[in-house]
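Student: Only the shape, not the letters, is given here:
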């Protein structure tokens, strides 16, 4: 009886922690979701249709692109291929998260995978890394942000034009969140160098490449250069003491 | 009435979005990865955040071009400072939103 109660308490405190971590995501999703819903309505989609898309896909930028492609009469294959390329970056996030699930079953991970977005990844990853985060917390972040996303897009399609989506600087909530989460990632000079390389490469490539494939290429490029550089530095600092050792017989 | 074609489109979109989210978690999680790969993956979050953020701050319009004085970039200055000093997500988001909201007026 008491164990059940403790387990229940642990679970509800995990959910509370998850909700507390998810609020900046929700704040950011509301204006974007409303805008997408409004755009979908103008493209001739009903609130149920855009709500279903949000449920099936749950990926903001891909949905914006899909809605605008639908309004220009693009075919299913073109829309699906574009979605694939736009969302390929989640491959990197999922790989990075895979380090933290040594003992989790595949069924659970399959459910968890659905909610991986730029935002939930950025919120959950550093907490997993610190070690005080579990699947219940992370899953709560996923479910809460997913729910807010679906509801915002549906609300946008219902009456987006009556909702002041662009007030209170809400458009900036996600950018500010990413800025803070980037600061959390900086654990040494090598992380600053990596982020800078990625940023500059992404900005330059975005001028020439369509969609947001530049995010994937820039992140791979920067992480590769960054880890080569770190290897190089580590080898040099490791080589120094061994040189001294050979000098002393 | 939702058309079959629309259902096909969003189902296809759902599948191609889910696969990249699922494959690494399903197949990398239960094995020990080479040290070099772990080191590389350790830098991926900083790289992705840098790659997502920078274009938001300096790229605008269609066709895309660089604009150095975007309100997003100006608002980023107090936002970065707040994040570095307070290390609080809440304060950072509030300062970012208020600054950006004032710049919009």
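Tutor: All right, it came through fine. As the structure is a prediction and not an experimental result, all values here were calculated from the model.
Student: Show the contacting residues for the most centrally placed residue in chain B.
Tutor: In chain B, the residue lying closest to the centroid (CA atoms, centre = their mean) is residue B:52, at 4.5 Å. Going by CB atoms under 8 Å, 6 or more residues apart in numbering or on different chains, residue B:52 touches A:118, A:178, A:202, A:215. C-beta: built from backbone N, CA, C; applies to glycine.
Student: how does it look with 7 Å?
Tutor: By CB atoms under 7 Å, 6 or more residues apart in numbering or on different chains, the contact set of residue B:52 is A:118, A:178, A:215.
Student: before we move on, what about residue B:82?
Tutor: Neighbour list for residue B:82: B:91, B:92, B:95 [criterion: CB under 7 Å, 6+ apart].
Student: Can you give me the domain boundaries for chain A?
Tutor: For chain A, the structural domains run A:2-185, A:187-249, going by automatic domain parsing.
Student: Average pLDDT for the first one, rounded please.
Tutor: Mean pLDDT, taken over the full extent of domain A:2-185, equals 88.
Student: before we move on, the earlier item: let me know which of the domains of chain A is tucked in deepest.
Tutor: Highest mean neighbour count among these (mean count of other CB atoms under 10 Å in any protein chain shown): domain A:2-185, with a mean of 20.
Student: That domain: how far from the chain's middle?
Tutor: How far domain A:2-185 lies from its chain's middle: 7 Å, per CA atoms, centre = their mean, to the nearest Å.
Student: State the number of residues packed around residue B:102.
Tutor: Applying other CB atoms under 10 Å in any protein chain shown, we find 11 residues neighbouring residue B:102.
Student: what's the closest non-adjacent residue to it?
Tutor: Spatial nearest neighbour of residue B:102, excluding adjacent residues (CB to CB, 6 or more residues apart in numbering or on different chains): residue A:169 at 7.6 Å.
Student: how about the strands in chain B?
Tutor: With DSSP state E as the definition, chain B shows strands at residue ranges B:59-60, B:65-66.
Student: right, and those strands - which one's nearest chain A?
Tutor: Minimum separation from chain A across those (CB to the nearest CB) falls at strand B:59-60, 5.4 Å.
Student: residues in contact with the closest one?
Tutor: A:203, A:206, B:66, B:67, B:70.
Student: still on that earlier bit, any idea how far the residue nearest to the centre of chain B is from residue B:69?
Tutor: Noted for residue B:52: a distance of 21 Å to residue B:69, by CB to CB, to the nearest Å.
Student: list the helices and strands the lengthiest helix in chain A packs on?
Tutor: If you go by DSSP state H, chain A has its longest helix at helix A:2-42. If contacts are counted by 3 or more CB pairs under 7 Å, 6 or more residues apart in numbering or on different chains; DSSP states H and E, helix A:2-42 sits against helix A:60-71, helix A:118-130, helix A:135-159, helix A:173-185, helix B:89-104.
Student: Looks like residue A:140 contacts residue A:13 (just checking).
Tutor: No - in this structure, residue A:140 is not within contact of residue A:13 by CB atoms under 7 Å, at 10.8 Å.
Student: quick one, what contacts residue 62?
Tutor: No chain was given, so I picked chain A. Residue A:62 sits next to A:83, A:86, A:87, B:13, B:17 when contact means CB under 7 Å, 6+ apart.
Student: my bad, chain B
Tutor: Listed by CB under 7 Å, 6+ apart, residue B:62 has no contact partners.
Student: Look up phi and psi at it.
Tutor: Main-chain dihedrals, residue B:62, degrees, to the nearest 10: phi -140, psi 110.
Student: And the residue nearest the centre of chain A, how close does it get to residue B:60?
Tutor: Taking CA atoms, centre = their mean, the centroid of chain A lies closest to residue A:118, which sits 1.3 Å from it. Distance of residue A:118 to residue B:60, computed by CB to CB: 20 Å.
Student: Go through the strands of chain B and pick out the most buried.
Tutor: Ranked by mean neighbours (mean count of other CB under 10 Å), the strands of chain B are led by strand B:59-60, with a mean of 16.
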